[in-house]
Every structure is written in C-alpha cells, then in structure tokens.
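Colleague: Make a model of this:
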Amino acid sequence: MVARVFDGLKVADFSWVGVGPITTKYLADHGATVVRVESATRPDVLRVIPPFKGGVPGLNRSQFFANYNTSKLGLALNLNTPEGREVAWRLIMWADVVAESFTPGTMKAWGLDYEAIARVRPDIIMISTCQQGQTGPHAHYGGFGQLASALGGYYEVTGWPDREPAGPYGAYTDFICPPFALAALVAALDYRRRTGKGQYLDLSQFECGLQFLGPALLDYAVNGRVATRAGNRDSQACPHGAFPCAGEDRWIAVAVTTDREWQEFCRVLGHPEWATDSRFATFLARRQNEDLLESLVAEATRTRDAYELMAALQAARVPAGVVQRCSDLHRDPQLAHRGHWVTLNHCEMGPTVYDGIPFRLSETPGRLERPAPCLGEHTEFVLKELLGYTDEEIAGLVIAGALE
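Modeller: Residues are numbered from 1 along each chain as shown. Below you'll find the predicted structure:
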C-alpha cells in the first residue's frame, strides 16, 4: 500500500457540522488516524439533514454527514459526565492534533481547553473554528455558515438589484474555510517538527470569508463605492449571465470579456450582424443596452441544446458552460475520467457514492479509507486498541453513562 502524507498523525476530532469535519477529513483521507467524537444526546445536526439514503431518515442515513466524514473512526461520548470527560482527556493525550468547533468557552467548561492541555502536552496542536473567532465582543455569537456569509457581506452582493438579498447556496463559509484551516494545521505541524513545540490555531469563519471579497472591500476603502446586488451581471464582461436553452430548466452560462470573444459569440449564435450593430459593437455600448442584449441572446439560445452550444462556444474560445444539475455531475465525462466518484459500503446505508479527493499527490496519494462512521461505531475499538481500556473499565464507563 502506498504511503500517505499524514500516516502516523493522530487526531482527536471534537468538531461538528462543516468547517471542522471537512478539515479533518483531509487529514483522514491522507493517512491520519482521526477519531470523531460525537454525542447521541446532541448529535451532529448534519446527521438529521437530508439527503437520506433511500429517502428514509435516520442518524446514520444522511449522506450530507457521511460525505464529510470519510476515513474516520467514530467514538460516542457524553461529555457532560466526569467519566466521559476523562475519556476525552485520555484521547487528547493520545493525539497530536485536537480539533473543535463549539461556541467559545465550551471546551474550557469541560476542562479541555488549550491552556489546560498545553500545561501537560506543550507539543499539542489545537485548532478551534467558530463564527467570529475566540476573542472580541462578538466571539460568543454562535451560528452556521449562512450567518457568517451574511455578516461577511456575501448576501448583500448576491441576488437581483430590485429584490431582497439571496445569498450564495448553503452555509457558504463552511465550504471556503477548510483550506485555510488545513494550511494552518500543516504550518503548525511543520513548526512542531522543527521546534518540538505545539500551538493554538484560532480560525474565524467571518474573517476567512472576507478574503474572497477583497476587490469589493478595496474598492470601498479607496473609492467609497459599496458593492451591491447586480444579478448575474459583471462590470468587466458583457454579456455575462445564464441564458435558457432547449429542454426543461436547461441553461448555459456565458462570460464575454473581449471584442474577439464577442465577435465569435455572435457568429456561433447565428447573428453575426450583432457584432457591427452600433448598440452592441463595443463593450460600453453593450453595457448601455444590456437589457435589450440579454433578451436577444435569450431568444437565440432558447432553441439550442445546452451541451452542443457549450461545445461550439468553447471551440471558438468563448467562456461558456452548461449549468449542470447534480444528476449531470454524476454523468460528467471529466469527473468520470478522474475517478472522482467513489462508492463505499456504509454499515447501514450500504453501497453509497461519495465525493472523491479533489487533488492528487503524485508520490503520496490519498484515498477514502472507509465510509463515515455510524454513531459510535468504533467506540470499543478506540477505547481498547488506541486508549488501552480494559473490558472492566469499559463496563464502568457504560454504567456511568459516559458512552452513548
């Protein structure tokens, strides 16, 4: 078996929902032993959010949860009991990295905060991720990625100018923060390799999200302009938007930025006369007549097959892409060629399709080692094989209500 880049790394994962679990999934898929700590009393909310396998709800049937927790071991603890916290402490002493994503102060209330751990394990690396960081007047403002996206300005710039803010799809910052978290962890691991010292990583979803609005923030700082909703339009491209194609709810996205692209766009759509029409011949003219132009383009694309039109425009070096559905993605030839979709045999859901790893390491490639754990699936293994508990000690934990 080919070695993986994080082989031998041990991770105690107390995080839940999005940012933390996605970050530790990168570690697990690349060789780290990641123990995901959960509670049946207060399960991860993703376990109760669809899609459920076969449309049947259940704590172990959500592929939303499963897709972000591959290659991990599952340990179910009640951290509100002293015995449960003792198991957690023992797990932390076993680990190289600790991850958590609770509201600030939660781990401290359990005696599992970085200061307490570092007194015993100065080489420990701990990462905390939450809405707005561990300090400041709004540090205890809890919530999910939708809220961080709204705070960060994404809702103000997403949608139509004559309508309420729409916001990007889903808990947006949950999906853009993990690369920052992973980079910080790798840097901390490198620092420990060189110095023997651990450190604490404090990640704010709010601040991570701001990194992707740099031009708008700079425009305000320099020019005083406040970015707002403009639908699908763009200040640097015209036409720029999604246009209807033949079939039910079929669309193609187009972004024309140069005169050459505009001329080729007109030719492919069968309207070469648009290229010399004074209303559209230049970028500024097209912007001034954008409503009319978009209506004409929509009429021209409405009868065209989306994939055939995409191929024709791309052949002419005009940026264009079909607005694909989830079902389209599972048939996408590029994803198929890359082997993106991976089927794993889940203990309750059976064979289920997972997203593959989004990047390839040539010498130490990752792999999806196992499906996401059922709640507490590996509790006995973790306690016995990793933490050294005896059968008698485990029985005591059960009686004390520490295991769930």
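Colleague: all helices in the stretch 151-300 of the chain, in order from the N-terminus.
Modeller: Using DSSP state H, counting those that start in this stretch, the helices of the stretch 151-300 of the chain run over 154-157, 172-176, 178-195, 205-210, 214-223, 259-268, 283-288, 290-301.
Colleague: Could you identify which of these is most buried?
Modeller: Ranked by mean neighbour count, these are led by helix 172-176 with a mean of 23 (mean count of other C-beta atoms under 10 Å). C-betas here are computed from N, CA, C, even on glycine.
Colleague: Nearest to Leu112, out of the helices of the stretch 151-300 of the chain?
Modeller: In terms of C-beta to C-beta, the element of the helices of the stretch 151-300 of the chain nearest to Leu112 is helix 178-195, at 18.4 Å.
Colleague: Pop the domain breakdown of this protein in here.
Modeller: 10-211+336-399, 240-323 (automatic domain parsing).
Colleague: Got the confidence number for the most centrally placed residue in the chain?
Modeller: Computing the C-alpha centroid of the chain and ranking residues by C-alpha atoms, centre = their mean puts Phe175 first, at 2.4 Å. Per-residue confidence at Phe175 stands at 95 (pLDDT).
Colleague: same question, Val2
Modeller: Val2 is given a pLDDT of 88.
Colleague: so how far is Leu75 from the closest residue to Asp391 other than its chain neighbours?
Modeller: Of all residues not flanking Asp391 in the chain, Lys384 sits nearest, at 8.0 Å (C-beta to C-beta, 6 or more residues apart in numbering). Noted for Lys384: a distance of 12 Å to Leu75, by C-beta to C-beta, to the nearest Å.
Colleague: residue boundaries of the strands in the stretch 301-404 of the chain?
Modeller: 320-322, 341-346, 350-355 (DSSP state E, counting those that start in this stretch).
Colleague: of those strands, which approaches His271 most closely?
Modeller: strand 320-322 (15.6 Å).
Colleague: what comes up buried for that closest one?
Modeller: 320, 322 (16 or more other C-beta atoms under 10 Å).
Colleague: For that strand, enumerate the helices and strands it packs against.
Modeller: Counting contacts by 3 or more C-beta pairs under 8 Å, 6 or more residues apart in numbering; DSSP states H and E, strand 320-322 is packed against strand 250-255, helix 306-315.
Colleague: Dump the longest one to PDB, restricted to CA.
Modeller: Written as PDB, here are the backbone C-alpha positions of helix 306-315 (Å, rounded to 0.1, in the frame of the first residue of the first chain):
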ATOM      1  CA  ALA A 306     -27.100  23.400 -24.000                       C
ATOM      2  CA  TYR A 307     -24.200  20.900 -24.400                       C
ATOM      3  CA  GLU A 308     -23.900  21.400 -28.100                       C
ATOM      4  CA  LEU A 309     -23.900  25.200 -27.700                       C
ATOM      5  CA  MET A 310     -21.300  24.900 -24.900                       C
ATOM      6  CA  ALA A 311     -19.000  22.800 -27.200                       C
ATOM      7  CA  ALA A 312     -19.400  25.300 -30.100                       C
ATOM      8  CA  LEU A 313     -18.600  28.300 -27.900                       C
ATOM      9  CA  GLN A 314     -15.700  26.700 -26.200                       C
ATOM     10  CA  ALA A 315     -14.300  25.600 -29.600                       C
END
